[in-house]
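Q: Sequence first, then the predicted structure:
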Amino acid sequence: MPKVTVHRKAHFNAAHRLYRKDWSDEKNFDVFSKCSNPNFHGHNYELIVSLTGEISKETGYVYDLGKLKDLIKSEVEDAFDHKNLNIDVKEFKDLNPTAENISVVIYNKLKKHLPKDLELEITLYETPRNFVSYSGD
Ligand code: NI
C-alpha cells in the first residue's frame, strides 16, 4: 500500500525562560539574550504532528486524526497550555525549554502511545518565522 503522511495542527500558549543555573545572568544574556529575561515571557506555539505510514486496507486511514487530536490534547495541550514551562512542567525542571528541547519532549510523550510502524515527526513553531522539527534521531 502507498505510504502517506497525515498531519494534525495544534496550538498552545506558554511562558518560558532560557537560562542555565550554572551561568551568571550576564552570560545567560550573552547567549540567550531576551529569552533569558528573569521574569519569563510567552510564546504562541504552533505544533504540527505528522504521521507517516501505509494506508490501512480496512479503513483507508494511516491513523485516525480524531484519535490523534485527542492524544495531542491529553499529552501536550493539557500539559503545556497556559503553563510556565520552567516551573509547571516536570520535563523542563532540569532541561532548558528551547523549541528544540520542547519538540523532543513532545515527540517522546506522543511516541509511546502510537503504533510502532508509524513514523512520527514533530514541527514546532515558536514564532511565525522560527520553527524546528524532530523525527526521533
Ligand atoms: Ni522565548
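A: It's in.
Q: Report the contact partners of the most centrally placed residue in the chain.
A: Geometric centre of the chain, nearest residue: Ser103, 3.6 Å, by CA atoms, centre = their mean. The contact partners of Ser103, by CB atoms under 8 Å, 6 or more residues apart in numbering, come to 122-124, 132-134. Glycine gets a C-beta too; all of them are placed from N, C-alpha and C.
Q: Please spell out the PyMOL selection for the buried subset of those residues.
A: Burial among those is assessed by 16 or more other CB atoms under 10 Å; the matching PyMOL selection reads:
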select buried, resi 122+123+124+132+134
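Q: so who does Phe32 touch?
A: When contacts are counted by CB under 8 Å, 6+ apart, Phe32 is found next to 18-19.
Q: same deal with Asp25?
A: 36, 38.
Q: check which helix or strand covers Lys67.
A: Element membership for Lys67 (DSSP states H and E) is helix 65-72.
Q: just to revisit the earlier point, inside helices: which ones of the contacts of Ser103?
A: If you go by DSSP state H, the contacts of Ser103 have nothing in helices.
Q: Hmm, Pro97 and Glu126 touching each other?
A: No - using CB atoms under 8 Å, Glu126 is not in contact with Pro97, being 10.1 Å away.
Q: quick one on the thing from earlier: pLDDT score for the residue nearest to the centre of the chain?
A: Ser103 is assigned a predicted lDDT (pLDDT) of 98.
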